[in-house]
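Q: Model the structure of this input:
(one chain, ligands or ions: 1)
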Amino acid sequence: MAPANSKKQMHFTLFTFPPFVHHYPDGWRHPQEMLGGIYNPLEPDVWARVARTLEAMKVDAFFVGDGGAIYNSNENSPATSLRYGSQTIEFFAPTFVTAVTMMAPELASVATVNTEELNPWTFARMASTMDHLSKGRVGFNIVTGLNPGGLADNLGIELREHDARYERAEEFMQVCYQLWQSWDPDALVRDAALPMFADPDKVHEINFQGEYFQCRGPLQLPRSPQEIPVIFQAGQSPRGRQFAARHAEGVFTISPDLPAMQSYYRDVKDRVANEGRRESDLAILTGIFPIVGVSEAAAQEKYEKLIELATAEAGLAWCSGYASWNFAQVPFDTKLSDLDAKEFAGIQSIFELTMASSADAASKTPHLYAYPHVEEPTVRDLCIANAQSIVPKVVGTVDQVADQMEQIIDAEGADGFMFSTVHMPGSIDELAPVLAELQRRGRFRKAFEGPTLRDRLGTRPLPWVDRA
Ligand SMILES: Cc1cc2nc3c(=O)[nH]c(=O)nc-3n(C[C@H](O)[C@H](O)[C@H](O)COP(=O)(O)O)c2cc1C
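A: Okay, the predicted model is just below:
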């Protein structure tokens with residue numbers, strides 16, 4: 001329920017790709033990374049600190065990405081990724097999230113899961129287990145893979161084409177919904193006198209026979225606190241948006257500037273309505289890098305340092321990985337308009353994600369810094385923009401950053417933000433005053449709305465469309 005003053009409330013999640021967490025490939029070289037080497041990101045201590053800080057900040061969730069395999073699309077080798085360290089090593093996200101929910105007893109957390117990697121039966125069991133043990137504080141970012149070639153190589157399967165992966169993911173979700181609802185809410189009786197452990201009439205086989213999956217069911221667990229663990233999505237092609245509009249309660253999107261955010265927002269909200277859902281059933285979280293300084297000049301200096309770290313080579317490994325396409329096969333000066341993104345097995349929306357969409361965008365949002373508008377962007381522009389991060393930066397003092405966020409929310413650019421960090425974990429501490437300021441302005445919760453992730457997002461899953 002919106003408060004009486006009815007200022008739109010914001011949602012916040014923190015993006016990570018642990019143990020090296022950045023949305024720009026050179027991030028691991030930042031001098032303040034893991035506070036200058038004090039923490040080892042492969043050990044749990046720093047993550048317990050991060051989890052407890054985020055819990056105290058009252059963010060909606062700690063969000064964990066997962067690329068699935070070392071990027072090897074660039075020249076058909078992992079060498080560039082290994083050398084430049086672009087999202088090269090990664091924890092398995094669901095395992096990591098299980099640990100996070102134990103480290104901070106009120107914090108919610110979201111794990112990225114690729115539908116090509118897990119079978120729906122295994123995923124449904126895993127998700128239900130996590131939802132029970134966290135008392136409803138988990139969500140799953142259901143993706144079809146930003147690195148599908150790398151993953152297919154390791155699974156020993158054929159690389160499935162982009163839209164076909166979404167078709168399969170659609171059926172994957174249907175199996176999961178049926179399994180998660182295969183126990184009636186009152187099926188677990190545990191009456192020793194009768195005796196009846198579970199009422200067999202209230203636990204149902206699903207007998208799913210699809211094009212991709214067969215599953216008899218029922219699930220091996222009774223309904224979990226959220227019943228349907230919260231589904232997130234990330235992927236901005238038309239097919240990806242459709243999947244989000246249908247299944248997701250939270251979406252992670254990246255747009256280079258406000259007009260692009262607005263156009264994505266309207267398109268996806270319209271799709272949500274076409275699916276018979278309320279627009280508020282899906283929270284759109286747009287990625288930003290807040291770069292906060294005690295003065296505008298101090299923030300600007302931090303921004304310059306981040307930009308200086310960027311190397312085109314690291315950007316090349318990153319882009320080839322994201323798109324699952326070898327950008328090294330064409331000259332650096334190739335115009336993006338001469339390439340066909342439909343050929344990319346990975347993120348087909350990579351050009352729109354990266355390149356600023358309009359020449360005057362910067363003047364409308366003075367503290368939002370995207371890669372500068374280029375009339376005819378080339379592969380080199382794409383690589384440099386990615387090395388500097390595809391996520392736009394919001395640069396300024398606490399007030400300026402808070403102002404900019406309010407502007408984006410009020411202009412219907414997003415329902416909230418997915419934060420990327422310049423360095424970890426120090427950047428999170430720099431964010432705390434921004435969230436405190438937004439609380440003061442009546443834009444952000446001071447206490448959790450309820451124990452589950454869904455309570456905080458205020459959304460409803462697809463199978464509940466017909467419920468009052
Ligand atoms: C902002 C954003 C974040 C993403 N995060 C991940 C991720 O963590 N892991 C992953 O495998 N895919 C991720 N993806 C890609 C999705 O897997 C997506 O389903 C697939 O590659 C197709 O993307 P597209 O619909 O944008 O073409 C992400 C995509 C976007 C746009």
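
Q: isn't Glu205 right next to Trp183, touching?
A: No - the criterion here is Cβ atoms under 8 Å, and Glu205 misses it with Trp183 at 11.4 Å. C-beta here means a position set from N, CA and C on the backbone, and glycine is covered the same way.

Q: any idea how far the ligand is from the nearest residue to Tyr166 once chain neighbours are set aside?
A: Residue nearest to Tyr166 in three dimensions, not counting chain neighbours: Arg239, with 4.6 Å by Cβ to Cβ, 6 or more residues apart in numbering. In this view, Arg239 and the ligand are 6 Å apart by Cβ to the nearest ligand atom, to the nearest Å.

Q: for the helix or strand harbouring Arg239, which positions count as buried?
A: Following DSSP states H and E, one finds Arg239 within helix 238-247. The neighbour-count check on helix 238-247 (16 or more other Cβ atoms under 10 Å) flags Arg239, Gly240, Arg241, Gln242, Phe243, Ala244, Ala245, Arg246, His247 as buried.

Q: Reformat the residues you listed as CSV; add distance to Pro366 and pLDDT.
A: Putting these into CSV (distance: Cβ to Cβ, whole Å; pLDDT from 0 to 100) gives the following:
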residue, distance to Pro366, pLDDT
Arg239, 35, 95
Gly240, 31, 95
Arg241, 29, 97
Gln242, 34, 97
Phe243, 35, 98
Ala244, 30, 98
Ala245, 32, 98
Arg246, 36, 98
His247, 36, 98
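
Q: just those residues now: which is nearest Ser224?
A: His247 (17.4 Å; Cβ to Cβ).

Q: wouldn't the closest one be in contact with Phe232 here?
A: No - in this structure, His247 is not within contact of Phe232 by Cβ under 8 Å, at 9.3 Å.

Q: can you pull out the helices in the stretch 251-400 of the chain?
A: Secondary structure of the stretch 251-400 of the chain by DSSP state H, counting those that start in this stretch: the helices cover 258-274, 296-309, 312-323, 350-354, 361-364, 379-387, 398-410.

Q: How far off centre is the first one?
A: In terms of Cα atoms, centre = their mean, to the nearest Å, the centre of helix 258-274 is found 17 Å from the chain centre.

Q: Flag every buried residue along that helix.
A: Leu258, Pro259, Ala260, Met261, Gln262, Tyr264, Tyr265, Val268, Lys269, Arg271, Val272.

Q: so the third one makes contact with Glu352?
A: It refers to Ala260. Yes - taking Cβ under 8 Å as the definition, Ala260 is a contact partner of Glu352 at 6.9 Å.

Q: just to revisit the earlier point, and for Glu205 and Trp183, which residues touch both?
A: Pro218 (Cβ atoms under 8 Å, 6 or more residues apart in numbering).

Q: of those two, who's got more company?
A: Trp183 (24 against 11; other Cβ atoms under 10 Å).

Q: residues contacting the more buried one?
A: Ala198, Lys202, Val203, His204, Pro218, Leu219, Leu221, Pro222, Arg223.

Q: and with 7 Å instead?
A: With contact set as Cβ atoms under 7 Å, 6 or more residues apart in numbering, Trp183 has these partners: Lys202, Val203, Pro218, Leu219, Pro222, Arg223.

Q: where's the first one relative to the ligand, distance?
A: Lys202 sits at a distance of 36 Å from the ligand (criterion: Cβ to the nearest ligand atom).

Q: So that residue is in contact with Asp184, correct?
A: Yes - Lys202 is within contact range of Asp184, at 3.9 Å (criterion: Cβ atoms under 7 Å).
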